[in-house]
Structures are given as structure tokens and as C-alpha cells.
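S.K.: Just need the structure, nothing else, for what follows:
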Amino acid sequence: MAATTQRTLDFDAAAMCNKPALSYVTLPTAPPRFNGPALTAADHARLTNQQALIVAYMRSGEWRTLREIAEFTGAPEASASAQLRHLRKPRFGGHTVERRHEGGGLYRYRLIVSKD
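M.R.: Sure thing, here's the model as predicted:
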């Protein structure tokens, strides 16, 4: 697999989400390709930004519910869940996403960022 060049994006979550500022998010030089024949360039930009917000919020390693992720990022819970699934895929970083059952249908998720 070819090495990807990385760039650092200055990211101020406080301004966007009214939450404490996060220092940075590392993104691939070329945004990951989301699948779907009907996706437009605007969709790719929206999904890439949504994923960057989720990574920024989850990179602390804290356990969080989909609701907590959705409230912080402004993404629907279903989108947060889909983005967590994407983060496990090699083209999105091959990160580890752990899931812990809390009972009553509630799960918490934790992101362990890949060092590769």
C-alpha cells in the first residue's frame, strides 16, 4: 500500500460547535473517497468535514454515545455511526473503533487512532 502524504488542518471546534477548542486534525492530502454514484463534490466535502469533526471529538479516547457525538458535531446519529464504521476501513485510516454495551440498547464508542 502506498504511503499517504499527510497535512495538518488548523481546527477550532469552539467556533464551530460552541465547545472547547481542539488543536488539530490530520487528514490525508486527498480526501477519502466516499462511495455512491449520486454523490456530488459538495457531498464529498460535507462528509469529509463531518468525519474530521468526529475524529477531532473522538481522538481523546473517551467513551461516547452516538447521541454525544451527534450533539457535538451536529451530524445525525446515523451519520455518526456510519462515519465510525468508515474509520475502521483502510482507506479512512484503518483506526480501531471499540464498542461497549451499556444496557437497554445503549452503546458507547471509543476511537483509537492508528499510528500508521
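
S.K.: Skipping adjacent residues, who's closest to R59 in space?
M.R.: Distance criterion C-beta to C-beta, 6 or more residues apart in numbering; nearest residue to R59, sequence neighbours excluded, is V113 at 5.5 Å. Any C-beta I mention is one placed from the backbone N, CA and C, and that applies to glycine too.

S.K.: what sits against the one you found?
M.R.: Listed by C-beta atoms under 8 Å, 6 or more residues apart in numbering, the contact set of V113 reads V55, R59, G93, H95.

S.K.: hang on, E102 is in a helix, isn't it?
M.R.: No. Membership of E102 in a helix is not supported by DSSP: H, G, I helix; E, B strand; the rest coil, which gives strand.

S.K.: Could you measure from R100 over to T65?
M.R.: Counting by C-beta to C-beta, to the nearest Å, the gap between R100 and T65 amounts to 10 Å.
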